[in-house]
Every structure is written in structure tokens, then in C-alpha cells.
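*Asks:* give the three-dimensional model of this entry:
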Amino acid sequence: MITTVSPKGQVTIPAPLRDRYGFPAGTKVVWLERDGDLIPKPLLSVNELRGRFRPGNDRLTELLLAERARDREHEHG
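*Replies:* Numbering: from 1, shown residues only. Purely as a prediction, here's the structure:
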């Protein structure tokens, strides 16, 4: 998918990607730079982070593995 940077430096994330990667309206986005690529990630709120780092929280492992799988897909086209 192709988007255009506006004169104000704004970019629209296409709806299929917003839906797939969890960018609902009002989401704050953090931009990561990795090996010359810019990677937008939804910035999670304090409420969304609450409880994620407790010992035995298997959900964190699932989230990290899913994120790594998406990164691999991105790296390999």
C-alpha cells in the first residue's frame, strides 16, 4: 500500500493496516527506527500495560512472540 506524506508531515495509515495492527482512532503512535526502516507501533496506555509484567503472565510471552513474527514478515517482505 502506498500513502503520501502531507505538507504537515502527516501520513494516513490505510484502514486494513489500522485494523490488522491495532490503530483505532485516537491511538498515539511511537515511531521506531530499525536498520533504516521506520516502524510505527501503537503506544499503549498505562491501563493497557497494567499487569503485563507480573510473574507468570503468559499473555506477555504471546504478545512478544506475535510481535516478533510480524517483524519477521516485515523483514522478509
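
*Asks:* model confidence over whichever helix or strand L60 is part of, on average?
*Replies:* Here L60 sits within helix 58-75, counting by DSSP states H and E. If you average the pLDDT over helix 58-75, you get 82.

*Asks:* what segments of this structure are strands?
*Replies:* Assigned by DSSP state E, the strands in the chain fall at 29-34, 37-42.

*Asks:* out of those strands, which comes closest to P14?
*Replies:* P14 lies closest, by CB to CB, to one member of those: strand 37-42, at 11.9 Å. C-beta: built from backbone N, CA, C; applies to glycine.

*Asks:* buried ones in that closest one?
*Replies:* In terms of neighbour count (16 or more other CB atoms under 10 Å), strand 37-42 has its buried residues at K41.

*Asks:* chain center to it, what's the gap?
*Replies:* Mean C-alpha position of strand 37-42 versus that of the full chain (CA atoms, centre = their mean, to the nearest Å) differs by 6 Å.

*Asks:* mind exporting it as PDB, just the C-alpha atoms?
*Replies:* C-alpha atoms of strand 37-42 as PDB (Å, rounded to 0.1, in the frame of the first residue of the first chain):
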ATOM      1  CA  ASP A  37      13.200   1.400   8.300                       C
ATOM      2  CA  LEU A  38      10.600   3.400  10.200                       C
ATOM      3  CA  ILE A  39       8.200   1.200  12.100                       C
ATOM      4  CA  PRO A  40       5.000   2.700  13.600                       C
ATOM      5  CA  LYS A  41       3.800   1.000  16.800                       C
ATOM      6  CA  PRO A  42       0.700   1.800  18.800                       C
END
